[in-house]
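Novice: kindly return the folded structure for what I paste below:
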Amino acid sequence: MNAIIKEDIDLIISQFQKWDKFAGKTVLISGANGFLPAYLVETFMALADSFNTKVIAIVRNKQKAETRFAHLLSSPNLKIVVQDVSESFEIEDKVDFIIHAASQASPKYYGIDPVGTLSANVLGTINLMKIAVKNNVDSFLYFSSGEVYGEVREDQIPIKEDTFGYLNCANVRACYGESKRMGENICVSYHHQYGVKAKIIRPFHTYGPGMALNDGRVFADLVSNIVNRQDIVLHSDGSAIRPFCYLRDATLGFLTVLVDGVDGQAYNVGNPGEEHSILELSNILVSLYPELGLKVVVDIPASNNAGYIKSPIHRNSPDIEKVSQLGWLPEVTVEEGFKRTIASFL
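Specialist: Down below sits the predicted model:
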């Protein structure tokens, strides 16, 4: 395992106190290859021998899964299932927990494959809910997004879980935010009608080891620039403001909601204490490596990439009071988090 990832997983295990909930249990994780859920796979597998916890990792790309989890493939506690969750399927094993994280989260897909983007959030959620009902699962965790809030007013930021703004459903970019909204309602509806113990998390701008450097999101581009010793070239004025949460912190938040969250409710998981403009973050990253002699360049093109559809939101940031009442708070600064992220690639 990558040394930085191992340190993170060890810290997650030492800080989370309720591993007994997973003793002798099977955890199904959809989209297990993905950047966020892969840390959950690593964490549960680190506990596999001690707690006899089993993981069913649902993926679409077997080769990618076997590369990402190469060090885990010999374990009898890991089962990799190749399956598009948007298509109807069944799982033979008894399942105790479901974490539904299968989704195309990068903006580069919204213009290229909007149907594929929305399908995992709508059809995939329904298919996994059927498995949840059949197995009467202990808990179901749905990965939504801060994008569900749409365009809120400045005086509504930081955003509480019951605050919603404008989202144009007739705009193709809404394939992501609108389908995440529908996925949330599917969770609430199955909880209401069938008693599924569903919880919802809304992550905000999570970064860390394992993210794809060609992901399409700006913080991945910035890390790629530093790793490849290139000047950071911004194709906007860099004024958009986002809160940046390190993956280790976020993973602890996900686990907290999975175990202690109230059924049928949603929780923001992000780091409002590390809210920065893209330009500010770029300058921070360059300043962390003065020996490289890199600089930040603003070069706004005449037209955007056809597949990438820019977000209309200037600033967003979560109110995390609700999840903090469960005992979770983020700790990692962008300086520490991005240094660890960049070190993981080097």
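Novice: quick one: residues contacting residue 206.
Specialist: Shown in contact with residue 206 (Cβ atoms under 8 Å, 6 or more residues apart in numbering): 35, 36, 244, 245, 246, 247, 250, 269, 270. Glycine gets a C-beta too; all of them are placed from N, C-alpha and C.
Novice: tabulate the residues you listed in CSV, adding columns for distance to residue 278 and pLDDT.
Specialist: Listed next are the contacts of residue 206 as CSV, based on distance: Cβ to Cβ, whole Å; pLDDT from 0 to 100:
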residue, distance to residue 278, pLDDT
35, 19, 94
36, 21, 97
244, 10, 98
245, 16, 98
246, 17, 98
247, 19, 98
250, 20, 98
269, 21, 98
270, 16, 98
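Novice: put the buried members of these into a PyMOL selection.
Specialist: If you want just the buried ones from those in PyMOL, going by 16 or more other Cβ atoms under 10 Å, the selection is:
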select buried, resi 35+36+244+245+246+247+250+269+270
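Novice: could you dump the contacts of residue 206 into TSV with secondary structure and distance to residue 322 added?
Specialist: Below are the contacts of residue 206 laid out as TSV (DSSP: H, G, I helix; E, B strand; the rest coil; distance: Cβ to Cβ, whole Å):
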residue	secondary structure	distance to residue 322
35	helix	24
36	helix	20
244	coil	20
245	strand	15
246	strand	20
247	helix	21
250	helix	15
269	strand	10
270	coil	12
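Novice: and of the contacts of residue 206, the nearest to residue 161?
Specialist: residue 269 (11.0 Å; Cβ to Cβ).
Novice: residue contacts, the nearest residue to residue 77 once chain neighbours are set aside?
Specialist: Leaving aside its sequence neighbours, residue 77 sits nearest to residue 48 (Cβ to Cβ, 6 or more residues apart in numbering; 3.8 Å). Neighbouring residues of residue 48 by Cβ under 8 Å, 6+ apart: 54, 55, 75, 77, 78.
Novice: most surrounded residue in those?
Specialist: residue 55 (28 neighbours; other Cβ atoms under 10 Å).
Novice: shouldn't it be within a helix?
Specialist: No. According to DSSP: H, G, I helix; E, B strand; the rest coil, the state of residue 55 is strand, so it is not within a helix.
Novice: gap between it and residue 258?
Specialist: 14 Å (Cβ to Cβ, to the nearest Å).
Novice: which residues do those two both contact?
Specialist: Common neighbours of residue 55 and residue 258, using Cβ under 8 Å, 6+ apart, do not exist here.
Novice: can you give me the strands in the stretch 1-150 of the chain?
Specialist: Along the stretch 1-150 of the chain, counting by DSSP state E, counting those that start in this stretch, strands occupy 26-30, 54-59, 78-82, 97-100, 139-143.
Novice: most neighbours per residue, which of those?
Specialist: strand 97-100 (a mean of 28; mean count of other Cβ atoms under 10 Å).
Novice: please tell me how far the residue nearest to residue 77 sits from residue 99.
Specialist: To residue 99, residue 48 is 16 Å away according to Cβ to Cβ.
Novice: residue 66: which of the strands of the stretch 1-150 of the chain is closest?
Specialist: strand 78-82 (7.4 Å).
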